[in-house]
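K.L.:
Structure here, sequence nowhere to be found:
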């Protein structure tokens, strides 16, 4: 399923072009990814305490329309590829007022231990996240 | 040619995983892009004053190794595709001490007017930037 | 009256100490300040379009407890001094779960024109904001 | 003595007012503070590895003139109060080209262990930093 987060564009997220700086979209993607995992009752501090780290290895974003200060945006995250080795999300950022697509992108995380060695996500966490992926209907957080 | 920028990783650029947050690499790419244009004597405030805007439409990054607080990094920018309609840069971020590749990525800017309508970069700016592209040897800024 | 904003601490807002970087509190204060003005139906883009700029001239913050990733925080803004020349807000950041005070601070904005010359806030905007200040009961946005 | 850092204002540090967002000055202060400690051969990762944490408890800044994209700025740090319990720095941010004062501020760090309990900076680190404080002449890093 898809999970969506609503947020308002912050003043500090703009730059002198008068629109949101492109780097901020990856911070928005992250907020939606965090909520997706929470929907499976997986909290990042819990993973870290269990010795599991989840570095980003790949990101990509296409920008369609500029986002502006004070606009309400909706960030939608979908888990498109998932194994105990990695998780790949796709995202869409919409201007909530009129449902205009502002950007779409994707990210890939892998799982490692604290020394950066590739590891496998424990089955218990995999199952909880996979249950979210297989659920039919999403929701706005 | 290639233009490189040296900088030291800031404390604020790290996150609770103890390494640099992935979104910051796009801010580093931008610093190298700015210096590339400066090498052609093209300053962004001058472009903006001339009514030319240059929104980012596509970005991509692959992360190879983590960057850490206080490390000296070298950001290399190369203009790989260039016309009066758009400019595409590729980047490499290296740990300067041992020349280890940390990340590689790319960005695409298009040229528009202040209302967001697609425009063409004036020939005078194109020629100056293109001269940098055709020069043989780069330098570290 | 006081206006409060609720928000969740973002991953990117932490640093390698594992807590929120101190610079981010000023971004949170700003979110509450924006909502305070909105309560008076004063939107910053409207002010800017009217040629009114409102640079920050003074800020201060005392940090009591660290904020952590994923905690819900409540940012409270109160307009403590207000004239057509400047506005001074005080803020408190609370951990929403247990009402623990994390930080308290203040900011001062002055009003200028686009060339940075000191100006007076037009009476119409002053009155709208002052009505919020004089109202008895606040609310959480 | 005073330690100064030179840096160029980044595009991403601006906001839609066309000038640097006020929160970034605290990130600049931090860069100068890091260099000050480095002048005493004290590296923050080494302190952390030794179990010493140094949370910020107080900050303050007065803004005199706006900083703009691409300007070279000089951040000067002076250690104005120092004990094994805390260190207080004052800062000045100058536009390097014409030596105009842009902002001045201060910060206070205390020393704690990883659980946040107040501790004393070990004498060896104190002595190294204090030697910088007592030296006569500073330098630009």
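P.N.:
Yep, that arrived. Quick caveat, the model's predicted, so the values are computed rather than measured.

K.L.:
Distance of the spatially most central residue of chain A relative to residue C:63?
P.N.:
Most central in chain A under Cα atoms, centre = their mean is residue A:33, positioned 2.7 Å from the mean C-alpha point. Remark: distance between residue A:33 and residue C:63 (Cβ to Cβ, to the nearest Å) = 28 Å. Backbone N, C-alpha and C define where each C-beta goes, glycine included.

K.L.:
quick one, what contacts residue A:129?
P.N.:
A:36, A:37, A:40, A:42, A:79, A:82, A:87 (Cβ atoms under 8 Å, 6 or more residues apart in numbering or on different chains).

K.L.:
lowest-pLDDT helix or strand in chain A?
P.N.:
strand A:139-140 (a mean of 60; mean pLDDT, DSSP states H and E).

K.L.:
OK, contacts around the residue lying farthest from the centre of chain A?
P.N.:
Residue farthest from the centre of chain A, counting by Cα atoms, centre = their mean, is residue A:16 at 26.4 Å. Shown in contact with residue A:16 (Cβ under 8 Å, 6+ apart): B:48, D:11, D:14, D:15, D:16, D:18, D:19, D:69.

K.L.:
Write out the residues of chain A neighbouring chain C.
P.N.:
Selection of chain A residues close to chain C by Cβ under 8 Å from any Cβ of the partner chain yields A:8, A:10-12, A:27, A:30-31, A:34, A:43-45, A:68-70.

K.L.:
Just the ones of the residues you listed in strands?
P.N.:
Counting by DSSP state E, the residues of chain A next to chain C place residue A:8 in strands.

K.L.:
Let's have the residues of chain A next to chain C in a markdown table, adding neighbour count and pLDDT.
P.N.:
As requested, these are exported to a markdown table (neighbours: other Cβ atoms under 10 Å in any protein chain shown; pLDDT from 0 to 100):
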| residue | neighbour count | pLDDT |
| --- | --- | --- |
| A:8 | 18 | 97 |
| A:10 | 18 | 98 |
| A:11 | 18 | 97 |
| A:12 | 23 | 98 |
| A:27 | 17 | 98 |
| A:30 | 23 | 98 |
| A:31 | 18 | 98 |
| A:34 | 22 | 97 |
| A:43 | 14 | 95 |
| A:44 | 19 | 94 |
| A:45 | 12 | 92 |
| A:68 | 17 | 97 |
| A:69 | 21 | 97 |
| A:70 | 14 | 97 |
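
K.L.:
Out of the residues of chain A next to chain C, which comes closest to residue A:121?
P.N.:
Taking Cβ to Cβ as the measure, residue A:121 lies nearest residue A:44 of the residues of chain A next to chain C, at 12.6 Å.

K.L.:
Can you tell me how far the closest one is from residue A:102?
P.N.:
Distance, residue A:44 to residue A:102, using Cβ to Cβ: 26 Å.

K.L.:
Return the set of residues that bridge with the closest residue to residue A:97 other than its chain neighbours.
P.N.:
Nearest in space to residue A:97, with sequence neighbours left out and distances taken as Cβ to Cβ, 6 or more residues apart in numbering or on different chains, is residue A:72 at 6.3 Å. Here residue A:72 sits in beta bridges with residue A:8, going by DSSP bridges.

K.L.:
Most neighbours among the contacts of residue A:129, please name it.
P.N.:
Within the contacts of residue A:129, residue A:36 tops the neighbour count with 26 neighbours, counted by other Cβ atoms under 10 Å in any protein chain shown.

K.L.:
got a list of what that one touches?
P.N.:
Residue A:36 touches A:3, A:77, A:79, A:89, A:129, A:132, counting by Cβ under 8 Å, 6+ apart.

K.L.:
still on that earlier bit, so which of the contacts of residue A:16 belong to strands?
P.N.:
Short answer: the contacts of residue A:16 have none in strands (DSSP E).

K.L.:
Quickly check the residues you listed for the two that are furthest apart.
P.N.:
Most distant of the contacts of residue A:16, by Cβ to Cβ, are B:48 and D:15, 14.7 Å apart.

K.L.:
More neighbours: these two, which one.
P.N.:
The neighbour comparison of residue B:48 against residue D:15 (other Cβ under 10 Å) goes to residue D:15, with 23 against 16.

K.L.:
Tell me which residues touch the more buried one, please.
P.N.:
By Cβ under 8 Å, 6+ apart, the contact set of residue D:15 is A:11, A:12, A:14, A:15, A:16, D:21.

K.L.:
out of the residues you listed, which one sits closest to chain B?
P.N.:
Ranked by distance to chain B (Cβ to the nearest Cβ), the contacts of residue D:15 are led by residue A:16 at 7.7 Å.

K.L.:
do you know how far the closest one is from residue C:128?
P.N.:
Distance, residue A:16 to residue C:128, using Cβ to Cβ: 28 Å.

K.L.:
Stretch A:10-27 spans what distance, first to last residue?
P.N.:
Stretch A:10-27 has its terminal residues 12 Å apart, counting by Cα to Cα, to the nearest Å.
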